[in-house]
Structures are given as C-alpha cells and as structure tokens.
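*Asks:* Sequence first, then the predicted structure:
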Amino acid sequence: MTASRTKRASGGSRSAAEKLALQEFIPYKLAVVANRLSQSIGSLFEQKYGIQIPEWRILMALHSCGPLAPNEVVEHTSMDKGRVSRAQRRLVELELVAASDDPRDGRRLVLFLTRKGAGMCTAIIPEARQTEAWFLSVLSEQERRALDKALSRLLARSRELRLAREGHDPDD
C-alpha cells in the first residue's frame, strides 16, 4: 500500500478529537440498542400477529393515549408522516384502527382502536413486558431506576431540541 493510501485507510493524520469512535458515542449506542430491542419485539409481533414495527407502535400509542390525530401519532411515535400514513392505512384495512372526524374539530381526523385492535393490544402487552424484563435483567434494580430516570431526562431534552429546530422556544 502506498503512503497516501495507508494514510487514508488509517484515517489520515486526524487528531483523536477529530475521530469519532462509534462504540463510545452515546447517540450511536442509544440508536443501536433501541433498534435492536424494537426489532426483537417487532419480529415477535410480525410472526404472531402479522403486524410490523410501525403498526405496533401506532397501536401502542393509541392504546396508551386514546384517540389521536395522525400528526399526534407522528409526535408520539417519532416516525415520519409517510410511515405513519402507510401503517395507518394497513391498520384500517386489518380493522385494528378506525378513523373518524374529530368531534371537537370536524376538519381534523382522529384515529382510534377498534375492539379488535384493543384486544390485540391486550394480548401484546404481556409479551412486550416479558421481552423488556429479559432485556433489562442484566441490570440491577438500582441501575434500572437510574436508566429510566436518565432516559426520561434525555427524552425531555430531545423534545427541547425538536422544538428549537421547529423555531419554538422550549421554555414556552
């Protein structure tokens, strides 16, 4: 290998501050852990119930929050509008979710669980909790509480970041 190719392959002459070791970068670790856990739960639901990750996220958001407008589903699930729209259509086709005019604002559409959708959520929750318990079993009870607290704070901070990017003052 030539000197210039060796330099490029090894990252050149960048200082340690300029390099990013992914395995030590917290946003990377959070993304990988979240994706792996979500995929684990998602594959279970896909095999057992025939629904995919975006669909079960919407079901769980509606189960947890009650009827939501599609833009509120986007907010609660942190999925993009297109993905929510596609998953919403499929859930309606499967008769797990229905859509109707918002009684408070007739110009707005709201999504809500059907009886069939609510039943599926009731069946899914124990299995999701079991997967969560297995995943967290590597942590002590004190570590679990600390993780929950840290994630709650980071979630709040991520909302501030989103609001700031949208031009809103997070302190409002």
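*Replies:* Nice, thanks for sending it over. None of these values were measured; they are calculated from a predicted model. Numbers count the residues shown, from 1 in each chain.

*Asks:* in which helix or strand would I find Ala98?
*Replies:* Here Ala98, judged by DSSP states H and E, is contained in strand 97-101.

*Asks:* and if you look at Val110?
*Replies:* Per DSSP H and E: strand 109-113 holds Val110.

*Asks:* Kindly report the same for Ile58.
*Replies:* helix 53-65.

*Asks:* Ok, Ala150 next?
*Replies:* helix 141-165.

*Asks:* still on that earlier bit, and the strand holding Ala98, which strands flank it?
*Replies:* The strands that strand 97-101 pairs with in its sheet are strand 109-113 (antiparallel) (by DSSP bridges).

*Asks:* What residues sit buried inside the partner strand?
*Replies:* By 16 or more other C-beta atoms under 10 Å, the buried positions in strand 109-113 come out as 110-111, 113. Placement of C-beta: from N, CA and C, glycine included.

*Asks:* quick one: low-confidence parts of the protein?
*Replies:* Across the chain, the ranges flagged by pLDDT under 70 are 1-17, 168-172.

*Asks:* repeat that with 80
*Replies:* Counting by pLDDT under 80, the chain has low-confidence residues at 1-18, 102-107, 166-172.

*Asks:* got the CA positions of stretch 147-161 in PDB?
*Replies:* Output in PDB follows, covering the C-alpha atoms of stretch 147-161 (Å, rounded to 0.1, in the frame of the first residue of the first chain):
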ATOM      1  CA  LEU A 147     -31.600   4.200  33.400                       C
ATOM      2  CA  ASP A 148     -35.300   5.000  33.500                       C
ATOM      3  CA  LYS A 149     -34.500   8.400  35.000                       C
ATOM      4  CA  ALA A 150     -31.700   9.100  32.600                       C
ATOM      5  CA  LEU A 151     -33.800   8.200  29.600                       C
ATOM      6  CA  SER A 152     -36.700  10.300  30.800                       C
ATOM      7  CA  ARG A 153     -34.400  13.300  31.100                       C
ATOM      8  CA  LEU A 154     -32.900  12.600  27.600                       C
ATOM      9  CA  LEU A 155     -36.400  12.300  26.200                       C
ATOM     10  CA  ALA A 156     -37.300  15.700  27.600                       C
ATOM     11  CA  ARG A 157     -34.100  17.100  26.200                       C
ATOM     12  CA  SER A 158     -34.900  15.600  22.800                       C
ATOM     13  CA  ARG A 159     -38.300  17.400  22.900                       C
ATOM     14  CA  GLU A 160     -36.400  20.700  23.600                       C
ATOM     15  CA  LEU A 161     -34.200  20.000  20.600                       C
END
